[in-house]
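Visitor: Show me the folded form of this:
(2 chains)
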There are 2 protein chains.
Amino acid sequence: MNKISVIGAGSWGTAVSCLLAKKGYEVILWGRSPDLINQMVEERRNPVYLQNLALPDNLELTSDIEQAALGGELIVLAIPSHAMRQILKQFKSALKSNIYFISLTKGLENHSSMTMSQVLQDELGVNSSKIAVLSGPNHAEEVARDVPSATVIAATDSNLAKTLQNIFMAASFRVYTNSDVLGVELGGAIKNVIAVAVGVSDGLGFGDNTKASLMTRGLAEMTRFGIEMGANPFTFSGLSGIGDLIVTCTSRYSRNRFVGEKIGKGEKLKDIVSNMRMVAEGVLTSAALKEMSKNRKVELPICEQVYAVLYENKDPYNCVSDLMKRGATNEVEELINFYETRDKGLV
Amino acid sequence: MNKISVIGAGSWGTAVSCLLAKKGYEVILWGRSPDLINQMVEERRNPVYLQNLALPDNLELTSDIEQAALGGELIVLAIPSHAMRQILKQFKSALKSNIYFISLTKGLENHSSMTMSQVLQDELGVNSSKIAVLSGPNHAEEVARDVPSATVIAATDSNLAKTLQNIFMAASFRVYTNSDVLGVELGGAIKNVIAVAVGVSDGLGFGDNTKASLMTRGLAEMTRFGIEMGANPFTFSGLSGIGDLIVTCTSRYSRNRFVGEKIGKGEKLKDIVSNMRMVAEGVLTSAALKEMSKNRKVELPICEQVYAVLYENKDPYNCVSDLMKRGATNEVEELINFYETRDKGLV
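Guide: Numbering: from 1, shown residues only, chains lettered A, B, ... in the order given. Prediction:
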């Protein structure tokens, strides 16, 4: 896999294509806007994202998606989740056989609630053994500056995971593998809802104790839901679960935490959203989880309160106090019971 | 258990004794210094810690440890770990039978590397079924201000855990139970070493990615060590594990993170320690863990680097880059293998 196509010239796609090109791979980076791509060709920088990052000489650029898709033995997807299916449709007819895919995109598809690897399988008809996902506590801007970072690549085929681990591993970018694709993807989606809750707590002026408790109980919630869906509980305690949750909840830049903070300060969702260029994923994901948890009868108390505050005008203060007043429980018993009664293997 | 003795009038002992007294329990709080206690009796405040917290009228105060120990059906220990055994010796002869204990103290005993509940058993000859521990992401100052907080009480006897859960539960203080006393105590000790590592990373000017990765891999390390010692792996993903780790690593006030930060900025341990009133627990715990991991052949790469930077003058930058250069691994396989090959139950 020497030829790599990176689809998406946002901050993450740009950072990752530079990382791979610097390692000597033949990388072609696709961006939707011909103007932007032309400017990048001329200036050898991305004028919108990571302006200080010099594009390596060997990084090819294109706004022709078929050209991009034809070039790669490995296709790296770094586009927003809401655009995934529509962009796949644009290049699926140009695909050669025997291509591998790695999704860097977090979040669930609206309405279908599919993860991105599921969308790939569904739309392209690709076998799951050809698909990997990469996720972790990775601000693109820090990866671009060679700040020490770690991430996880998951694939059901362990050889594919190891091959991709070698491809992406760099001096300041440490890659772990995992076989639990679903768990890695669910963590990357659910953490956005927990980040909204943490933002609400910040907006209400609560403290570090509240924040750490919400994150920890958020992890328990993610894990419980993940087990129900067939994921490995340990995955949520890894880089794509708690790792990403930590970086999202402690970052001033997280859109999801930001929406929560505004809500906690008394603003209304429609006013907040109308001032944002992009919708915060956690807003949509909380609705998807509400539906899924009802169907599957899994308790997701934090997600439920986030849904209530976003969509049902519930007073944010009451959300937190309702969380505090729940029945007294055992911290791990529920996980263990859940796990054991379903008799699922750990992998 | 209506009569409760709280041993230790530091910030945590003061906050917890007020919480219990406000709930109507007959609480007597012991502090070592007669002057301090007299001042507290007069002013109905603790002049050293949590000065804004009014002591409830029904909170009794004493500097006579035998009086304190005689009064309680439940003895709450809120003293530093290095003082635990010596203080137990002072009142063991005054103890009535049929007394219960709950330790709020984190850390391992120097030299013996015992947890606090083990010290209690060893020194007082009390049966483990009478001992509980409380731990979680709890800044005393926030609990004193009724900021929503959560914690965990662990006891091998689940009835004791539930009784204590009822005693400590308050509107802004949510208590979970757990049966894994050892796991709860190990989390509270090891998190201090990981906090030193996170401080080193901060001192070197690394980013949020690095911090979240160190915390996540620190959790993996805690869990691996805990399984080896016989703890439940899920405990470390709970409030006393990752919860407390989050609050410690993101707080500007943590002594352990502070020591690490100074080291990362190039200062030497002996200079840092000579300027501190109290030694940071993580400094001693890293030495204890180094020894224990060698004896038990468990890999603790972060703790090992913390030991090297503190005691062997290793360059902090090289510590982080050595962590990044370790062999490529699977994120969860090691935990699963560890778990399965030892064939331990989940509780």
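Visitor: A:L269: what's it in contact with?
Guide: Residues in contact with A:L269 (Cβ atoms under 8 Å, 6 or more residues apart in numbering or on different chains) are A:V259, A:I263, A:V283, A:L310, A:Y311. (Glycine included, C-beta is placed from N, CA and C.)
Visitor: swap that for A:N98, sorry
Guide: The contact partners of A:N98, taken as Cβ under 8 Å, 6+ apart, are A:E73.
Visitor: Go through the contacts of A:L269 and say which is closest to chain B.
Guide: Closest approach between these and chain B, by Cβ to the nearest Cβ: A:I263, at 16.4 Å.
Visitor: Any residue of the helix or strand where the closest one lies touching chain B?
Guide: Per DSSP states H and E, A:I263 falls inside helix A:255-264. No. Applying Cβ under 8 Å from any Cβ of the partner chain, one finds helix A:255-264 separated from chain B by no less than 12.4 Å.
Visitor: again, but for stretch A:42-60
Guide: No. Using Cβ under 8 Å from any Cβ, stretch A:42-60 stays clear of chain B, coming no nearer than 13.9 Å.
Visitor: mind checking how far the most centrally placed residue in chain A is from A:M229?
Guide: Closest residue to the average C-alpha location of chain A: A:K106 at 2.4 Å, with Cα atoms, centre = their mean. Per Cβ to Cβ, to the nearest Å, A:K106 is found 16 Å from A:M229.
Visitor: again with A:D180
Guide: With distances taken as Cβ to Cβ, A:D180 is found 11 Å from A:M229.
Visitor: quick one, which of those two is more surrounded?
Guide: Each of A:D180 and A:M229 has its neighbours counted (other Cβ atoms under 10 Å in any protein chain shown); A:D180 has more, 28 against 15.
Visitor: The more buried one reaches A:P233, doesn't it?
Guide: No. A:D180 is not in contact with A:P233 according to Cβ atoms under 8 Å; the separation is 9.5 Å.
Visitor: Low-confidence bits of the stretch 1-150 of chain A, can you list those?
Guide: Across the stretch 1-150 of chain A, nothing is flagged by pLDDT under 70.
Visitor: And the helices in it?
Guide: Under the criterion DSSP state H, counting those that start in this stretch, the stretch 1-150 of chain A contains helices at A:11-22, A:34-43, A:65-71, A:84-91, A:116-124, A:140-144.
Visitor: which residues sit against the third one?
Guide: Contacts of helix A:65-71 with the rest of the structure, by Cβ under 8 Å, 6+ apart, involve A:3, A:5-7, A:26, A:28-30, A:60, A:62, A:75, A:87, A:90-91, A:94-96.
Visitor: same thing but 10 Å
Guide: Helix A:65-71 has contacts (Cβ atoms under 10 Å, 6 or more residues apart in numbering or on different chains) with A:3-7, A:26-32, A:60-62, A:64, A:75, A:87-88, A:90-96, A:99.
Visitor: Pull out the buried residues from it.
Guide: Within helix A:65-71, the residues that qualify as buried are A:I65, A:A68, A:A69, A:L70, A:G71, counting by 16 or more other Cβ atoms under 10 Å in any protein chain shown.
Visitor: OK, contacts around A:A83?
Guide: Residues in contact with A:A83 (Cβ under 10 Å, 6+ apart) are A:I7, A:G8, A:R32, A:L77, A:T105.
Visitor: burial count for the second one?
Guide: This means A:G8. A:G8 has 24 neighbouring residues, counting by other Cβ under 10 Å.
Visitor: picking that back up, who touches both of A:D180 and A:M229?
Guide: Common neighbours of A:D180 and A:M229 (Cβ under 10 Å, 6+ apart) are A:L186.
Visitor: So for A:V147, what's the nearest residue that isn't a sequence neighbour?
Guide: Of all residues not flanking A:V147 in the chain, B:G207 sits nearest, at 4.0 Å (Cβ to Cβ, 6 or more residues apart in numbering or on different chains).
Visitor: I figured the one you found hits A:V247, correct?
Guide: Yes. Contact criterion Cβ atoms under 10 Å: B:G207 and A:V247 qualify, at 9.2 Å.
Visitor: Look at those two and report which has more neighbours.
Guide: More crowded of B:G207 and A:V247, by other Cβ under 10 Å: A:V247, with 28 against 20.
Visitor: What separation do you get for that one and chain B?
Guide: A:V247 sits 4 Å away from chain B, going by Cβ to the nearest Cβ, to the nearest Å.
Visitor: Now that residue. Nearest residue, chain neighbours left out?
Guide: Sequence neighbours aside, A:P137 is the residue nearest to A:V247 in space, at 3.7 Å (criterion: Cβ to Cβ, 6+ apart).
Visitor: mind listing what A:Y25 touches?
Guide: With Cβ under 10 Å, 6+ apart, A:Y25 has these contacts: A:M1, A:N2, A:K3, A:I4, A:S17, A:L19, A:N58, A:L59, A:G72, A:E73, A:L74, A:I167.
Visitor: Oops, could you answer that again for A:K22 instead?
Guide: A:K22 makes contacts with A:L55, A:P56, A:N58, A:L59, A:D146, A:A170, as judged by Cβ under 10 Å, 6+ apart.
Visitor: same check, this time on A:L245
Guide: A:137, A:187-188, A:190-192, A:194-195, A:198, A:214-216, A:218-219, A:222, A:236, B:212, B:216, B:242, B:246.
Visitor: Find the helix or strand that it is a member of.
Guide: helix A:244-249.
Visitor: gap between A:N318 and B:A69?
Guide: 43 Å.
Visitor: swap that for A:T248, please
Guide: For A:T248, the distance to B:A69 equals 47 Å [Cβ to Cβ].
Visitor: Could you do A:I4 as well?
Guide: Distance of A:I4 to B:A69, computed by Cβ to Cβ: 69 Å.
Visitor: repeat for A:I131
Guide: Applying Cβ to Cβ, the value for A:I131 to B:A69 is 63 Å.
Visitor: re the thing from before, including neighbour count and pLDDT, could the contacts of A:L269 go into TSV?
Guide: As requested, those are exported to TSV (neighbours: other Cβ atoms under 10 Å in any protein chain shown; pLDDT from 0 to 100):
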residue	neighbour count	pLDDT
A:V259	28	94
A:I263	23	95
A:V283	23	92
A:L310	27	95
A:Y311	13	94
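Visitor: Now flag whichever of the residues you listed is closest to B:K294.
Guide: Within these, distances to B:K294 taken as Cβ to Cβ reach their minimum at A:V259, with 48.2 Å.
Visitor: and that closest one, what does it touch?
Guide: A:192, A:195-196, A:199-200, A:203, A:267, A:269, A:272-273, A:276, A:279-283, A:306, A:310.
Visitor: follow-up on the earlier one: could you work out the most separated pair of the contacts of A:A83?
Guide: A:R32 and A:T105 (14.6 Å).
Visitor: out of these two, which sits in the more crowded spot?
Guide: Remark: of A:R32 and A:T105, A:T105 carries more neighbours, 26 against 16, as counted by other Cβ under 10 Å.
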